[in-house]
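[1] need a 3D model of the sequence below.
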Amino acid sequence: MSKLLSVLFSLRLIPHICVFYTSAHKDLLIYERDRWLQSHGLTKRGCRGLLLLLNSYREYRSLFYFRTKATWLSFFAKPQNNLEFYSESNQIGRGLIIWHGFSTVINVESMGEDCEIWQNVTIGKSSTDNLPNRPHIGNRVKVTANSVVIGNIVIADDVTIAAGAVAVKNIPDEGAIIVSQPSRIIAR
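    From the prediction side, this is the model:
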């Protein structure tokens, strides 16, 4: 009975599979599918792996809708709540992984390949004016939980922005780890 329910539940994803295999960005979608499967330790490949990701990970669905511009698919399977993309798909390099993407905003001038973003992250403008003040983020950058990256800044390759850190200045050192100040008691 549970196998039958699983098959019936997966039928709602047939439009997703059609979009996946007919997309002009098929190579990008295949790369991201395989990267998500590998990073989550999942062994299924091909169409079965795609079904697993679409069924199990709202963050993946959100990224899939963003890449394909097929937001109408959200009628069949909801994306992650409060995960917002304000950049164009070609401004974000392939291989983006979003871990628990709730309450996350991604608004970059450019982002390199194989980046990772956690929950409650804000990446974007430092003000509401029309100046070009969005970040340029390198390859393999990790922006972890509760972090903020704002303004017209450049983040080098392989940088990790640790939980709760605020990046408002250029980070030119490859491999740097950015942390906020240590906690301290200010009143008793």
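[2] any idea how far the nearest residue to residue 99 once chain neighbours are set aside lies from residue 11?
    Excluding the flanking residues, the one nearest residue 99 by CB to CB, 6 or more residues apart in numbering is residue 118, at 4.8 Å. Backbone N, C-alpha and C define where each C-beta goes, glycine included. Using CB to CB, to the nearest Å, residue 118 is found at 32 Å from residue 11.
[3] next one: residue 101
    From residue 101 across to residue 11, the span is 26 Å (CB to CB).
[4] who's more crowded, the two?
    Ranked by neighbour count (other CB atoms under 10 Å), residue 101 and residue 11 place residue 101 first, with 26 against 9.
[5] okay but the more buried one is in contact with residue 80, surely?
    Yes. In this structure, residue 101 is within contact of residue 80 by CB atoms under 8 Å, at 4.9 Å.
[6] what is in contact with the two at once?
    By CB atoms under 8 Å, 6 or more residues apart in numbering, residue 101 and residue 80 have these common neighbours: 58-59, 62.
[7] looking at the residues you listed, which are in helices?
    Of those, the ones assigned to helices by DSSP state H are 58-59, 62.
[8] distance from the chain centre to the strand or helix carrying residue 31, please.
    Using DSSP states H and E, the element containing residue 31 is helix 26-39. Chain-centre distance of helix 26-39: 13 Å, with CA atoms, centre = their mean, to the nearest Å.
[9] once you drop chain neighbours, what's closest to the most centrally placed residue in the chain?
    The chain has residue 98 as the residue nearest its centroid, 3.7 Å off, counting by CA atoms, centre = their mean. By the measure of CB to CB, 6+ apart, the closest residue to residue 98 outside its immediate chain neighbours is residue 59, 4.1 Å from it.
[10] touching, that neighbour and residue 106? I think so.
    No. Counting by CB under 8 Å, residue 59 sits too far from residue 106 to count as a contact (11.5 Å).
[11] neighbour-wise, which of these two wins?
    Under the criterion of other CB under 10 Å, the comparison of residue 59 against residue 106 puts residue 106 first, with 26 against 23.
[12] still on that earlier bit, how close does the residue nearest to the centre of the chain sit to residue 24?
    Separation of residue 98 from residue 24 (CB to CB): 22 Å.
[13] tell me the secondary structure of residue 54, please.
    Here residue 54 is helix, with the state taken from DSSP: H, G, I helix; E, B strand; the rest coil.
[14] show the pLDDT at residue 150.
    On the pLDDT scale, residue 150 is placed at 94.
[15] three-state assignment of the nearest residue to residue 131 once chain neighbours are set aside?
    Sequence neighbours aside, residue 152 is the residue nearest to residue 131 in space, at 7.5 Å (criterion: CB to CB, 6+ apart). What three-state DSSP gives for residue 152 is coil.
[16] out of the helices and strands in this structure, which is least certain?
    When each helix and strand of the chain is scored by mean pLDDT, DSSP states H and E, helix 2-11 comes last, with a mean of 65.
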